[in-house]
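# Sharing a model prediction with you, sequence too.
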Amino acid sequence: MGRPQYGGAADQQHDCLWPADTAVGAGGEEIDGGRRDEGTDACAPQSRFARRPATLLAGRRLSDDPRGAWRTVSGLVLAGFAAGFFAVSMVGMDGSAHRGQIAVAGAQAPEVRTLLRDAGVPATVRTVGEDEWDELLNSTPGVIVHVSGGGQARLDAAVTALTPASPARPVITQDSATAGDRTAIGRFAEVSTATLALSFLVATTSAGLTAAAGVLDRRRIYGLLRLAGTPLKVLDRARVRETVIPLVVLAGGTTAVGVYASYRLNKIFGATLNTSGTLQLGACVAVGALAMFAAIGMSRPLLRRVTRDAIRSAD
């Protein structure tokens, strides 16, 4: 019994494709390649749940050469996870534990209260001794001031008023206390995003070269499929989906896992997500994905020429 043509409506009713080196004639007869063996019944999940012929073809190609698909996006997996984690992380950066607090090393509480009263800033003052530990003072004797409400403007007014209380040492705020953490996390985010961008560049080059080489390597199969009646757009979509499926599942999945892990960690420490880092990550992923699609699309004229030559030879 003959096999159905690729590209027709009947393809959507089948669970898997015939072997990749076998094409089908217009009347259903085999053009090339032996019998169907029992091993081809075990189809890839992409082919098993495919709803369109292009996805069915792409799934069969991926099941035939999974290593080739992995090589294209392997560099994006680890880079995507690292960029997704560090780009949105705010742990240790927002200073939530010290919000509204000011530390004055070596100051005396009566003097501090007088300066705050003269400046009209309502606040509570707590003295820290040598045997006490405080994250802002780091075991240095001094005073911790907790400004009551008023937002950043009142906090700035308190910092200005308390500067004379410790002329030899700067007044410590939540911004200065978390400056080191902000710098470290910011550097990690920048390096991770840059690494992801570089990985996209390498993956784009690899995808373009692999797509062109794949057309040349499979030109006979593509020509036979075109002679069997498969539309050119179906073959082209199958080529694109051979890269899109691993890109979304592997690279996109690990990036999403990194973002989710960072979100859960931020939630544990009471921090928020880094909005600017999230936007940079999204822009990097979008531009990288578009570049990969463009690289794959550059071999579309080659596919058209290869299949056209096959049709001319048949004529």
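Yep, it's here.

# I'd like the mean pLDDT over the strand or helix carrying residue 224, please.
According to DSSP states H and E, residue 224 maps onto helix 219-227. Mean pLDDT, helix 219-227: 86.

# can you dump the C-alpha coordinates of the following helix or strand past that helix into PDB?
Using DSSP H and E, the next helix or strand after helix 219-227 towards the C-terminus is helix 232-246. Provided in PDB are the C-alpha atoms of helix 232-246 (Å, rounded to 0.1, in the frame of the first residue of the first chain):
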ATOM      1  CA  LEU A 232       8.000  24.800  -0.800                       C
ATOM      2  CA  LYS A 233       6.700  26.800   2.100                       C
ATOM      3  CA  VAL A 234       6.200  23.600   4.100                       C
ATOM      4  CA  LEU A 235       9.800  22.600   3.600                       C
ATOM      5  CA  ASP A 236      11.000  26.100   4.600                       C
ATOM      6  CA  ARG A 237       8.800  26.100   7.700                       C
ATOM      7  CA  ALA A 238      10.100  22.700   8.700                       C
ATOM      8  CA  ARG A 239      13.700  24.000   8.400                       C
ATOM      9  CA  VAL A 240      12.900  27.000  10.600                       C
ATOM     10  CA  ARG A 241      11.100  24.900  13.200                       C
ATOM     11  CA  GLU A 242      14.100  22.600  13.400                       C
ATOM     12  CA  THR A 243      15.900  25.500  15.200                       C
ATOM     13  CA  VAL A 244      12.900  27.100  16.800                       C
ATOM     14  CA  ILE A 245      11.800  24.000  18.800                       C
ATOM     15  CA  PRO A 246      15.300  23.500  20.500                       C
END
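
# Past helix 232-246, which element shows up next along the chain?
helix 253-268.

# Which neighbouring elements make contact with that following helix?
In terms of contacts (3 or more CB pairs under 8 Å, 6 or more residues apart in numbering; DSSP states H and E), helix 253-268 is packed against helix 66-87, helix 275-297. From N, CA and C alone the C-beta is placed, and that goes for glycine too.

# Run the angle between the shortest one and helix 232-246 for me.
Right, the one you point to is helix 66-87. Helix 66-87 and helix 232-246 are oriented at 50 degrees to each other (axes from the mean of the first three to the mean of the last three CA atoms, to 10 degrees).

# which SSE is residue 103 in?
Using DSSP H and E, the element containing residue 103 is strand 101-105.

# in the stretch 101-250 of the chain, which spans are helices?
Under the criterion DSSP state H, counting those that start in this stretch, helices of the stretch 101-250 of the chain are mapped to 109-119, 151-162, 174-177, 179-217, 219-227, 232-246.

# mean pLDDT lowest for which of these?
Among the helices of the stretch 101-250 of the chain, helix 174-177 scores lowest, at a mean of 68.

# Remind me what the host helix or strand of residue 61 packs against, helices and strands.
Assigned by DSSP H and E, residue 61 falls within helix 53-64. Here helix 53-64 touches helix 45-48, helix 232-246, going by 3+ CB pairs under 8 Å, 6+ apart.

# May I see these organised as JSON lines, with distance to residue 267 and mean neighbour count added?
Shown next, in JSON lines, are those (distance: least, CB to CB, whole Å; neighbours: other CB atoms under 10 Å):
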{"stretch": "helix 45-48", "distance to residue 267": "33", "mean neighbour count": "16"}
{"stretch": "helix 232-246", "distance to residue 267": "31", "mean neighbour count": "21"}
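
# center of the protein, which residue is that?
Central residue check for the chain by CA atoms, centre = their mean: the C-alpha nearest the mean position is that of residue 255, 3.5 Å away.
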